[in-house]
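Enquirer: the amino acid sequence is not available; the structure is as follows:
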């Protein structure tokens, strides 16, 4: 029987988490570290559920199967193997789907740049089956994003919520992706930038396109962001989601391990120019602290010298297994993001854009004709206050 979210929360200090931390790393401790952690496991059902929830199930299976299959109950290993095989088949289908989408875009003179998903599996893990992913992320030039969306609509893809012409223009200006769903095919996210504009300047898409490298997927060469760019993107992605799952940290650790040596002076200089130095230091520190990934002093020293980085790192470690699959609180997200910004000006910009700029959530909440679009600026703060602060607070008060 799988563990429930409540069980996952109650087991925040469970020894099973040590198994996941060892399995999600790059193997610096050797098989002995994993065997020692496994010897203290008491709830194998919980371990299986937590591995899936945190996106490290294939890593756990591979470490067990290759190193110490005798250290776990046969029934547990059988169930883990079955889930791993299902996952591997799914990744293969999704990779095939990605190649079809890339060909569609290329055939219509759109330059696609996949990132995360299968290309990250190859660059960081060297194996398509070792990374869990749920969608296909593709960067295209901003001027081609609407056309890419329309091409996929011809295959039956659609936005979760249709946009008016005014809303689509605003979405292209202020958001960063079109999330497209299909009844049978993988979810595709068409990006024209790498993240929310209020979090950082992020790597500039034009520069990332110029620096792209080639990766082999199922015998086909496809473009991917260069490892330096991908590392910055992963750290920004982790921050956006408050490093919600162990797999986000594992992606950083495995990319660091697989793609060295790194030009840390150049990376830190570039991150500073992009106003994401603290974001980079946090992601690398988490890989070091949680998964024991070796990091040189020229990175650890500035990370430790910035009081916000160790504090944010501790908060992630304390809450990583305590969330139990629960959603991220709005105020928690805002406070964490603000602490990750270094300049007062950037904090003010974050508050202004995130609290006042209308998004698709506002458009879904109260559909209005385009000539009344200006009202969303008035209504958004009140909607956020009601939906994200007052209602959750009332729900907590009514808990038994």
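Expert: Everything's here; your move. Everything numeric in this text was worked out from a predicted model, so none of it was measured.

Enquirer: from here on, just use CA atoms for contacts and neighbour counts.
Expert: Noted.

Enquirer: next, residue 139: phi, psi?
Expert: Residue 139 adopts backbone torsions of phi -90, psi 130, taken as degrees, to the nearest 10.

Enquirer: correct me, but it touches residue 203?
Expert: No. Using Cα atoms under 8 Å, residue 139 makes no contact with residue 203, being 12.0 Å away.

Enquirer: which one of those two is surrounded by more residues?
Expert: When residue 139 and residue 203 are compared for neighbours, residue 139 comes out ahead with 25 against 22, by other Cα atoms under 10 Å.

Enquirer: hmm, back to that, what do residue 139 and residue 203 both touch?
Expert: Residues touching both residue 139 and residue 203 (Cα atoms under 8 Å, 6 or more residues apart in numbering) are residue 194.

Enquirer: okay, now residue 282: neighbour count?
Expert: Residues near residue 282, counting by other Cα under 10 Å, number 28.

Enquirer: what's the closest non-adjacent residue to it?
Expert: Nearest residue to residue 282 in three dimensions, chain neighbours excluded: residue 309, at 5.6 Å (Cα to Cα, 6 or more residues apart in numbering).

Enquirer: residue contacts, that neighbour?
Expert: Residue 309 neighbours (Cα under 8 Å, 6+ apart): 278, 281-282, 285, 303, 340.

Enquirer: now render those residues as JSON lines, adding secondary structure, pLDDT and distance to residue 132.
Expert: Putting these into JSON lines (DSSP: H, G, I helix; E, B strand; the rest coil; pLDDT from 0 to 100; distance: Cα to Cα, whole Å) gives the following:
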{"residue": "278", "secondary structure": "helix", "pLDDT": "97", "distance to residue 132": "27"}
{"residue": "281", "secondary structure": "helix", "pLDDT": "98", "distance to residue 132": "24"}
{"residue": "282", "secondary structure": "helix", "pLDDT": "98", "distance to residue 132": "23"}
{"residue": "285", "secondary structure": "helix", "pLDDT": "97", "distance to residue 132": "22"}
{"residue": "303", "secondary structure": "helix", "pLDDT": "97", "distance to residue 132": "29"}
{"residue": "340", "secondary structure": "helix", "pLDDT": "96", "distance to residue 132": "27"}
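
Enquirer: closest to residue 35 out of these?
Expert: Using Cα to Cα, residue 285 is the member of these that lies nearest residue 35, at 25.5 Å.

Enquirer: quick one: the closest one from residue 55, how far?
Expert: Using Cα to Cα, to the nearest Å, we find residue 285 at a distance of 20 Å from residue 55.

Enquirer: ok, now residue 74?
Expert: 22 Å.

Enquirer: how about residues contacting the host helix or strand of residue 229?
Expert: Using DSSP states H and E, residue 229 sits in helix 227-240. Helix 227-240 is contacted by residues 115, 123, 194-195, 199, 202-203, 208, 244, 248-249, 251-252, 255-256, 259, 262, 267, 271, 279-280, 282-284, 337 when judged by Cα under 8 Å, 6+ apart.

Enquirer: what about it, average pLDDT?
Expert: Across helix 227-240, pLDDT averages out at 96.

Enquirer: give the buried residues for the helix or strand following it.
Expert: Sequence order places helix 246-258 as the next helix or strand after helix 227-240, per DSSP H and E. Under the neighbour-count criterion of 16 or more other Cα atoms under 10 Å, helix 246-258 has 246-257 buried.

Enquirer: widest-spaced pair of the contacts of residue 309?
Expert: So, the contacts of residue 309 by Cα to Cα: farthest apart are 285 and 340, at 13.4 Å.

Enquirer: show me which of these two is the more surrounded one.
Expert: residue 285 (27 against 23).

Enquirer: contacts only, for that one.
Expert: So residue 285 contacts 300, 303, 309, 313 (Cα under 8 Å, 6+ apart).

Enquirer: how near is the residue nearest the centre of the chain to residue 244?
Expert: The structure's the chain has its C-alpha centroid closest to residue 237; by Cα atoms, centre = their mean the separation is 4.8 Å. Separation of residue 237 from residue 244 (Cα to Cα) stands at 10 Å.

Enquirer: for residue 51, same thing?
Expert: Distance check for residue 51 against residue 244: by Cα to Cα, it reads 13 Å.

Enquirer: how about residue 378?
Expert: Taking Cα to Cα, one finds residue 378 at 31 Å from residue 244.

Enquirer: those two: which is more packed in?
Expert: A direct count of neighbours by other Cα under 10 Å for residue 378 and residue 244 places residue 244 higher, at 21 against 13.

Enquirer: and the nearest residue to that one once chain neighbours are set aside, how far from residue 241?
Expert: Using Cα to Cα, 6+ apart and skipping the chain neighbours, the partner closest in space to residue 244 is residue 320 (6.3 Å). Separation of residue 320 from residue 241 (Cα to Cα) stands at 12 Å.

Enquirer: which one of these two has more residues nearby?
Expert: Using other Cα under 10 Å, the more surrounded residue of residue 320 and residue 241 is residue 320, with 19 against 14.
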